[in-house]
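J.: sequence and computational prediction follow.
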Amino acid sequence: MEVDKGKGEAEETRKVAEADRDTVTLKSSDGKLFEVSKEAAARLSTVLAGMIAGGSIDDNGTDLKQIGSEALENVVDYCNKHANSIPSAALISSSISFNTAPFKEPEEWERKFVDRLSHDALFDLVEAANFLGMERLLDVTCHKISEMMKGKSPDQIREVFNIKNDYTKEELEEIRQELAWAFYDD
Amino acid sequence: MAYQIGGRVVIPDLNLPPPEDGAHALHPSAAAKAVDDRISLLPEKARLRILSFLPFKAVVAIGTVSKSWRNLVDDQRRWRDSTLRIHVLSAGAAARGRCGCGRAHLTYDHMPCLARKLRARGRGPSHRLLRFSIVVEDVEMSSAALKSLLDYAAACNVEDVFVDARVRRGPPHGHGLSYSFQRTSNHLVCLTLSGVRIDGIHRPLQLHHQQGSSLIPTLEVIRIGFTELSDVDLSTMLFWCPRLRVLDLRSCRDITRVDVVEASACLMSLTVVDCREVDDIRAETALGLRSFRYRGEVLMSMALPHTCFGDLYISFTGRRAGRPIIGWLEALPYLSNLTVLTICSNALGVCACLQPFTSLVTLAILFYDEIPFLDMSLTEEFRCCSCSALLQIVSALRARENSHPQLAKLSNLQNLRELQLLLYGTEPDILSHVYGFFMNCRCSQLRKLFVQLPKVRTDYVVAVVNELGAEPPMDNFENLVRVKITNFKGQCNEIELVRFLLRKASSLQKLILVAAHAEGYKSAPKNAKVVMLSNPSSAEIWAHHRDLSFEYL
């Protein structure tokens, strides 16, 4: 369950907390506290799974200084909404390493979940998902961004994402000439 | 900004779906265009993840959005999840360490381990692989092992396949590695094969999901090199690929004729390089052709569409007894839209040939081509000619160049912004070529000039410098900002060339000299704009046609 409390109420939360409770409390960069089920956190986030296993979870609220309250709220919201069907996001690392989870098209509720986000909230969520090692959430958010890019010309992409064109006119001409085939569709 | 018309939120082009109901109302700022460039500041992993959901063509095109995106797209070693890049080394080479290619380095013994990793990665469309790239050096690598990797990539809907087995020595041809068109991914967009046999062209293709269809509609780029490919193979292959845009053939033995009629609907770029038997190129049906690049020895006929070309590379290496086509200039399309041109001195030599002097023409061509190989194929008559006699003939021809209408096509290069002159062999006088070109060709938009000098020393030409005619007019050099001269040896004619450019090009910012030998040359002209480099790879500007670099030795 999501709990969004001010600092005053945090005190009360701590009293209720027991050592083996089934939720973890996360603290956003601006000090807001959120609770999320331990099982969902461990399953969806490699970073939180590591922290839970390593005992570095702070019952007073684990500091996540990189994540703002709005993004953390979305993260917690996502965790809570998430059905139990997604496999562990654990990664194998070595000289050839892959994200082994198969990519599944975002489900209807996941689409809705990212569709309602503002441009900035979406990017905040990508950063949070990346920081917390939440592969599925990263997939869903990045997939959303890729949908925003699809079918657009480089000019349109620059406009939508406000990307500054740092090529000179000549450089751009040269690249376009080199990669001319990629600009045609019929 | 979101704005309201009749109570409904109107969203400017953002690809966000309209709000469905109150529960999913858009955040007020959702309709606004991005204020900051958040996407370029995302962690690399997230940016790669975004790209991994895009079609290969879109990924390539995103490289033109900004430099940081280009770096991300180009640096394939960062692409881990959606790219499989392998370099199979022999055990001995593996002991010496990795090369700089950034691929995962393996020996053939590691194949079972790789197979396990790929099994763990998973197989099928939901484990999409954007690119598969393999370099094979190890002779132990079996054709079956390569096949199973290619099959894996195809099953994962790979869109870009690169196989390079050029340096793999070992079993004689026929036992080598092969690529089968039968097992092509049905999403394949770009195929690059080097040093592998090509199979399965002639049997009807059976694509995974397209029963009844025997075409590869997705394939747009084919690059094939260092293999045996027959004329029938080529035309059949082109027949399978109706949407082909780029065809690049290099060092393909056995092809005698390149005819793109089967794939001319979309073809934009045709490259035929070092295919030693090709004497006929037919591309007049490819009305969208914008780029044509040819290098070879015995081209007898060439037909190009009369459309507007963007870049052109013409190089006659002419080492063998054949003669380059004299009418190549007539076969050229209109060049007023040309932006990049590479032309070699042999072709310029042909330019200088005039119809009324047919006999002399032949002599001049032979002179340009055959001097280093004088004993090979010249007739008695030519062998008797001394160097100085030939020089006189050449300058006589040069005197008449200006008036000849054949050069009209080359004379109007009003959009040319990059020119590369390749001076092959032991030319009598590099300056005459450079001057000769600029006397005939008007290219006032020229910004970059590349001159590749012959690698061998030719000191005897000192006297010829004095015989040069009028210098080319100034207007060719008004916009010239960068010059790069490679194989600089500090000879007096080379120094004269540098002085000439410094004198003429008023906007010149930098003139890079790349020394032919590591120690460099003290005799390079002293000038703030002149940079002397001994390491060619440190030069900061590169010719558009750099992928075709070639040393005439």
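T.: Yep, it's here.

J.: which stretches in the stretch 201-350 of chain B count as strands?
T.: B:221-228, B:246-253, B:257-259, B:269-273, B:280-282, B:291-296, B:301-303, B:311-316, B:340-344 (DSSP state E, counting those that start in this stretch).

J.: same check on chain A?
T.: Secondary structure of chain A by DSSP state E: the strands cover A:23-27, A:33-37, A:62-63.

J.: a markdown table for these, including mean pLDDT and distance to chain B?
T.: C-betas here are computed from N, CA, C, even on glycine. Formatted as a markdown table, these follow (pLDDT from 0 to 100; distance: least, CB to the nearest CB, whole Å):
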| stretch | mean pLDDT | distance to chain B |
| --- | --- | --- |
| strand A:23-27 | 89 | 20 |
| strand A:33-37 | 89 | 19 |
| strand A:62-63 | 86 | 20 |
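
J.: for chain A, find the nearest of the strands of the stretch 201-350 of chain B.
T.: strand B:246-253 (5.1 Å; CB to the nearest CB).

J.: who does the closest one pair up with?
T.: Take DSSP bridges as the rule and strand B:246-253 pairs in its sheet with strand B:221-228 (parallel), strand B:269-273 (parallel).

J.: most tightly packed of these?
T.: Neighbour counts (mean count of other CB atoms under 10 Å in any protein chain shown) averaged over each of the strands paired with strand B:246-253 peak at strand B:269-273, with a mean of 22.

J.: what's the neighbour count on B:G122?
T.: Applying other CB atoms under 10 Å in any protein chain shown, we find 16 residues neighbouring B:G122.

J.: gap between it and B:V340?
T.: 44 Å (CB to CB, to the nearest Å).

J.: quick one on the thing from earlier: okay if I get the strands paired with strand B:246-253 as JSON lines plus mean pLDDT?
T.: Output for the strands paired with strand B:246-253, formatted as JSON lines (pLDDT from 0 to 100):
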{"stretch": "strand B:221-228", "mean pLDDT": "93"}
{"stretch": "strand B:269-273", "mean pLDDT": "96"}
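
J.: want to throw those strands into CSV with distance to A:L26?
T.: Listed next are the strands paired with strand B:246-253 as CSV, based on distance: least, CB to CB, whole Å:
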stretch, distance to A:L26
strand B:221-228, 48
strand B:269-273, 54
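
J.: so B:A46 sits in a strand?
T.: No - counting by DSSP: H, G, I helix; E, B strand; the rest coil, B:A46 is not part of a strand but helix.

J.: please verify my assumption that it contacts A:L138.
T.: Yes - the criterion here is CB atoms under 8 Å, and B:A46 meets it with A:L138 at 6.4 Å.

J.: comparing the two, which shows the higher neighbour count?
T.: Taking other CB under 10 Å, B:A46 and A:L138 do not tie; A:L138 has more neighbours (25 against 21).

J.: if we can go back for a sec, and for B:A46 and A:L138, which residues touch both?
T.: Listed as contacting both B:A46 and A:L138 by CB atoms under 8 Å, 6 or more residues apart in numbering or on different chains are A:126, A:129-130.

J.: the residues you listed also near chain B: which ones?
T.: Among those, the residues that sit close to chain B (CB under 8 Å from any CB of the partner chain) are A:126, A:129-130.

J.: in helices, which of those appear?
T.: The helices, defined by DSSP state H, take in A:126, A:129-130 from these.

J.: quick check: buried residues in stretch A:68-81?
T.: A:68-76, A:78-79 (16 or more other CB atoms under 10 Å in any protein chain shown).

J.: closest to B:K526 out of the residues you listed?
T.: Ranked by distance to B:K526 (CB to CB), the buried residues of stretch A:68-81 are led by A:G68 at 59.2 Å.

J.: may I have the helix or strand containing B:R119 as PDB, with CA atoms only?
T.: B:R119 is located in helix B:111-121, with elements delineated by DSSP states H and E. Extracted C-alpha coordinates of helix B:111-121, given in PDB (Å, rounded to 0.1, in the frame of the first residue of the first chain):
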ATOM      1  CA  MET B 111      31.600 -21.800 -28.600                       C
ATOM      2  CA  PRO B 112      29.800 -24.100 -26.200                       C
ATOM      3  CA  CYS B 113      30.000 -21.500 -23.600                       C
ATOM      4  CA  LEU B 114      28.600 -18.900 -26.000                       C
ATOM      5  CA  ALA B 115      25.800 -21.200 -26.900                       C
ATOM      6  CA  ARG B 116      24.900 -21.600 -23.200                       C
ATOM      7  CA  LYS B 117      24.900 -17.800 -22.900                       C
ATOM      8  CA  LEU B 118      22.600 -17.500 -25.900                       C
ATOM      9  CA  ARG B 119      20.300 -20.200 -24.600                       C
ATOM     10  CA  ALA B 120      20.100 -18.200 -21.300                       C
ATOM     11  CA  ARG B 121      19.400 -15.000 -23.300                       C
END
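
J.: at which residues are the helices of the stretch 51-200 of chain B located?
T.: Taking DSSP state H, counting those that start in this stretch to define them, one finds helices in the stretch 51-200 of chain B at B:56-62, B:67-74, B:91-96, B:111-121, B:143-155.

J.: next, see if stretch B:111-121 gets close to chain A.
T.: Yes - on the criterion CB under 8 Å from any CB, stretch B:111-121 is in touch with chain A at B:114, B:117, B:120-121.

J.: list the buried residues for that stretch?
T.: B:111, B:114, B:117-118, B:121.

J.: check contacts around the spatially most central residue of chain A.
T.: Nearest to the geometric centre of chain A sits A:A129, at 2.3 Å (CA atoms, centre = their mean). Going by CB under 8 Å, 6+ apart, A:A129 touches A:75, A:137-138, A:141, B:46.

J.: hmm, back to that, how far does the helix holding B:R119 sit from its chain's centre?
T.: Distance of helix B:111-121 from the chain centroid (CA atoms, centre = their mean, to the nearest Å) equals 35 Å.

J.: what's the answer for stretch A:136-147, then?
T.: 9 Å.

J.: ok, now stretch A:172-183?
T.: 34 Å.

J.: then stretch B:338-350?
T.: Relative to the centre of its chain, stretch B:338-350 is centred 15 Å away, using CA atoms, centre = their mean.

J.: before we move on, the earlier item: dump the buried residues of stretch A:68-81 to CSV, plus distance to chain B and pLDDT.
T.: What follows is the buried residues of stretch A:68-81, written out as CSV (distance: CB to the nearest CB, whole Å; pLDDT from 0 to 100):
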residue, distance to chain B, pLDDT
A:G68, 13, 91
A:S69, 15, 91
A:E70, 10, 91
A:A71, 12, 93
A:L72, 16, 92
A:E73, 13, 91
A:N74, 11, 91
A:V75, 14, 91
A:V76, 17, 89
A:Y78, 15, 90
A:C79, 19, 88
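
J.: okay, those residues in TSV with distance to B:L150 next?
T.: What follows is the buried residues of stretch A:68-81, written out as TSV (distance: CB to CB, whole Å):
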residue	distance to B:L150
A:G68	46
A:S69	50
A:E70	47
A:A71	42
A:L72	45
A:E73	47
A:N74	42
A:V75	40
A:V76	45
A:Y78	38
A:C79	40
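
J.: tell me how many other residues crowd the closest residue to B:I86 other than its chain neighbours.
T.: Spatial nearest neighbour of B:I86, chain neighbours left out: B:I134 (4.7 Å); criterion: CB to CB, 6 or more residues apart in numbering or on different chains. Residues near B:I134, counting by other CB under 10 Å, number 24.

J.: what does whichever strand or helix holds B:S40 contact?
T.: B:S40 is part of helix B:38-41, with elements assigned from DSSP H and E. Applying CB under 8 Å, 6+ apart, the contact partners of helix B:38-41 are A:119-120, A:123, A:145, A:161-163, B:47, B:50, B:66, B:68-69.

J.: sounds good, over and out.
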